[in-house]
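Trainee: no letters, just coordinates:
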Ligand code: ADE
C-alpha cells in the first residue's frame, strides 16, 4: 500500500519508522511518503493560513497550497488515491473503515492545523477522487497529525504480511466473526500466581470448549459494563441462553427502544 501524507509537521511522523510499521516499510509492504505542505507556498513566510471569512477565532488553512500539493502528489496517476481528511466533524473512524481502507492501494492524508482547511479544497477534490472527512473520536486534537498516525497504524496492521500469525487480527475487538460486536476479554500469561493474584483456573484446564465459553462470558461482561451501547446493538438472534444469563447478571437490560433494531 502507498500512503502519502501532506503536513506542515513532517517530523510528526517519525513514529511510522518504529516497530510493526517500520518493519512493514523495510519489507516493502508499506510505502509511506511524507511531504511538507509549505513546499507549495510562494511567499517568503511560506504562509499556509489566513483569517476565517465571516469572522471567528483561529485561522483557516488556505486552499492554494493544498491544491498545489495534492495536484503534485496525484499527478499522472491512473487510479487516484483516496483522500482522507481527519477532522473531529468527520464520520467516525471505526474498525469497519480501517478494513475498508486496507483494501485500497493508495491513501493520501491531508491533516489540518488551526480551525481546518478551506472547505473548497474538499469540494474541488470531491469531484476528482473519493474524499473522506473522518474523526477518530469525540475530542479535539491540536491538529490532524495524531489522527493520521492512528489511522495509518490501524490500517497497516490489517495488510497481508504485516502481522505474524501469532498476532492474528481475527479475534480483535470489533473484528467480524462469532465474537462480532463484543469487546475482547482479559488476557493472562505466566506466572500462574503474581502478587497473590491467580490466573483464572479454567484457562489452565486444557478444556478448550470451557475456555471459549469463559472468554465469551468475559467479553459479554466487559461489553455490558464498558460499552452498553454496543451491547444494545448485539444481534439477539446470535445470543444463546447462556449469553442472555451473563448479560442479565451484568445488570444489562435490552431497552424497549433497542428492541426495534
Ligand atoms: N483533528 C482534531 N481533532 C480530531 C479528531 N478527533 N479526529 C480527527 N481529526 C482531528
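Mentor: Arrived safely, thanks for sending. Since we're looking at a predicted model, the values are computed, not measured. Numbering: from 1, shown residues only.
Trainee: so residue 22 belongs to a strand, correct?
Mentor: No - counting by DSSP: H, G, I helix; E, B strand; the rest coil, one finds residue 22 to be helix, located in no strand.
Trainee: spell out which residues of the stretch 1-150 of the chain are next to the ligand.
Mentor: 86-88, 135-137, 139-141, 144, 147 (Cβ under 6 Å from any ligand atom). No exception for glycine: its C-beta is placed from N, CA and C like everyone else's.
Trainee: can you pick the most crowded of those residues?
Mentor: Counting neighbours by other Cβ atoms under 10 Å, residue 144 comes out on top of these with 28 neighbours.
Trainee: okay, that one and residue 197: tell me how far apart.
Mentor: Distance of residue 144 to residue 197, given as Cβ to Cβ, to the nearest Å: 41 Å.
Trainee: how about the helices in the stretch 51-200 of the chain?
Mentor: Counting by DSSP state H, counting those that start in this stretch, the stretch 51-200 of the chain has helices at residues 63-74, 95-102, 120-126, 145-156.
Trainee: pick the most buried one from those.
Mentor: helix 145-156 (a mean of 21; mean count of other Cβ atoms under 10 Å).
Trainee: pLDDT (mean, whole number) over that helix?
Mentor: Averaged over helix 145-156, pLDDT sits at 98.
Trainee: and stretch 68-78, how far out from the chain middle?
Mentor: Put simply, stretch 68-78 sits 25 Å off its chain's centre (Cα atoms, centre = their mean, to the nearest Å).
Trainee: give me the residues contacting that stretch.
Mentor: With Cβ atoms under 8 Å, 6 or more residues apart in numbering as the test, stretch 68-78 has contacts from 4, 6, 33, 35, 37, 39-40, 80-81, 83, 106, 108, 110, 121, 125, 129.
Trainee: could you identify which of those residues has the most neighbours?
Mentor: residue 110 (27 neighbours).
Trainee: OK, contacts around it?
Mentor: 6, 66, 70, 83-85, 117, 121, 144.
Trainee: and what of residue 104?
Mentor: By Cβ under 8 Å, 6+ apart, the residues touching residue 104 are 1, 81-82.
Trainee: nearest to the ligand, of these?
Mentor: Of all these, residue 82 has the smallest distance to the ligand: 15.9 Å, by Cβ to the nearest ligand atom.
Trainee: verify the stated contact: that closest one with residue 107.
Mentor: Yes - the criterion here is Cβ atoms under 8 Å, and residue 82 meets it with residue 107 at 5.5 Å.
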